[in-house]
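> Sequence and predicted model, in that order:
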Amino acid sequence: MMKKLFRRINTPGRLALLLMLLSAFGAGIFLFAGKKYIMPGPVSAAHVNNQALGGYVSHAEFEKECIHCHAPVHCVTDTRCQDCHMDIARERATAAGLHGMLPGTSRCQTCHVEHQGREASITTLAFLNVDHTKLANFSLDKHHQDYQGNALDCETCHSQGSYGISALDCITCHTQEDHQYMADHIEAYGTRCIDCHDGSDRMLAFDHDQYYPLEGGHDSTGCIDCHAEYVFIDAPADCKGCHAEPEMHAGVFGEDCARCHTAAAWAPAQLTQHTFLIDHGTDDITECETCHAGSYTEYPCYTCHDFEEMRPLHVGENSAPLEDCIACHPTGRESEIATKGPDRKDG
């Protein structure tokens, strides 16, 4: 009889009936999800100091009430998890904390895998499910346990509830293991560990250009040539820090080496920066000593310009000392006057 009845139903009706049967079957599966027939395994009984969330200390207390985490069709949903884990909801809403920074936190089960047994700590397991190398360019392959064999978690390395580089703490753990080694290491290399270490190997490809580009003649320079006794912290970044003044300078050229030299080589040297115009005045200036008497860092303008003649021309100018001509006339042109100080008038 049922067979005859089914034949009388047209094709759309048959499809609708089939969908109803499948939905009923799915609902039945969901309603009996807590039964032993489809239970994938015991849930975790782990807890943090017996602290209750949503009225429960651990997941094991509502093991057979699957609807706390599972929703029909959608399975595990973040909204149901956050009914208890409200701190996670706040982190995501404010883009703060670990869950505010990690991608894909809407799928809790990606990192927090349940049904692994009563002893499983799904928080610690989550630490292993995060692709830290992809997220932060630092591998966790050698950071699963501390020196005593205790499992590490995110807060072991990231302190103060922050997960950026500024709150990264490598020193505490490693100092407790070997204080003297770390003291020497910090003195030589500083405290920015991730500049040299990527978690997988002792060293990584160090980008020296972040600190000082190794261009020209510096490209083939050995580390020890700039870092005496391999001390890398506070290394000099200017010419005078490594290069002693040559005798031919005789203390008259100053320390602004880039005015004449490039990183390619000390020689040939060529004056490339001379703000003050060479064609100053009515006569051509052919000798540097015309304006620089004894030292090229000094500009005794009063060799040519009489001080007493200049004084009446600057009456009413509340300026720096009148002798400092370059402060107001950097190019030497009277019409081009540098920006004045707060007490100086335009002129």
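In hand now; what should we look at?

> which residue ranges form the helices in the protein?
2-8, 11-31, 78-82, 86-94, 97-101, 122-129, 132-136, 154-157, 171-177, 179-189, 223-226, 239-242, 307-310, 325-328 (DSSP state H).

> Adding mean pLDDT as columns, could you present these in JSON lines?
Listed next are the helices of the chain as JSON lines, based on pLDDT from 0 to 100:
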{"stretch": "helix 2-8", "mean pLDDT": "51"}
{"stretch": "helix 11-31", "mean pLDDT": "63"}
{"stretch": "helix 78-82", "mean pLDDT": "90"}
{"stretch": "helix 86-94", "mean pLDDT": "90"}
{"stretch": "helix 97-101", "mean pLDDT": "83"}
{"stretch": "helix 122-129", "mean pLDDT": "76"}
{"stretch": "helix 132-136", "mean pLDDT": "83"}
{"stretch": "helix 154-157", "mean pLDDT": "85"}
{"stretch": "helix 171-177", "mean pLDDT": "92"}
{"stretch": "helix 179-189", "mean pLDDT": "88"}
{"stretch": "helix 223-226", "mean pLDDT": "78"}
{"stretch": "helix 239-242", "mean pLDDT": "82"}
{"stretch": "helix 307-310", "mean pLDDT": "80"}
{"stretch": "helix 325-328", "mean pLDDT": "78"}
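
> Out of those, the one nearest Y163 is which?
Nearest to Y163 among the helices of the chain is helix 97-101; the distance by Cβ to Cβ comes to 5.3 Å. C-beta coordinates here come from the backbone N, C-alpha and C atoms, glycine included.

> Packing partners of the closest one?
Applying 3 or more Cβ pairs under 8 Å, 6 or more residues apart in numbering; DSSP states H and E, we find helix 97-101 packed against helix 86-94.

> chain center to the helix it packs on: distance?
23 Å (Cα atoms, centre = their mean, to the nearest Å).

> Counting by contacts, list what that helix packs against.
helix 78-82, helix 97-101.

> would you turn those into JSON lines with mean neighbour count?
Listed next are these as JSON lines, based on neighbours: other Cβ atoms under 10 Å:
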{"stretch": "helix 78-82", "mean neighbour count": "16"}
{"stretch": "helix 97-101", "mean neighbour count": "17"}
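
> among those, which is nearest T110?
Nearest to T110, of the helices and strands packed on helix 86-94 and by Cβ to Cβ, is helix 78-82 at 10.6 Å.

> give the contact list for Q176.
Residues counted as contacts of Q176 (Cβ atoms under 8 Å, 6 or more residues apart in numbering) are Y147.

> can you do 10 Å?
146-148, 182 (Cβ atoms under 10 Å, 6 or more residues apart in numbering).

> Take the helices and strands packed on helix 86-94 and lay them out in a markdown table including distance to D131.
Shown next, in a markdown table, are the helices and strands packed on helix 86-94 (distance: least, Cβ to Cβ, whole Å):
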| stretch | distance to D131 |
| --- | --- |
| helix 78-82 | 19 |
| helix 97-101 | 14 |
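
> Out of these, flag the one nearest T297.
helix 97-101 (51.4 Å).

> For A95, which non-adjacent residue is spatially closest?
Distances taken as Cβ to Cβ, 6 or more residues apart in numbering place M101 nearest to A95, at 7.4 Å, with adjacent residues excluded.

> Alright, that wraps it up for me.
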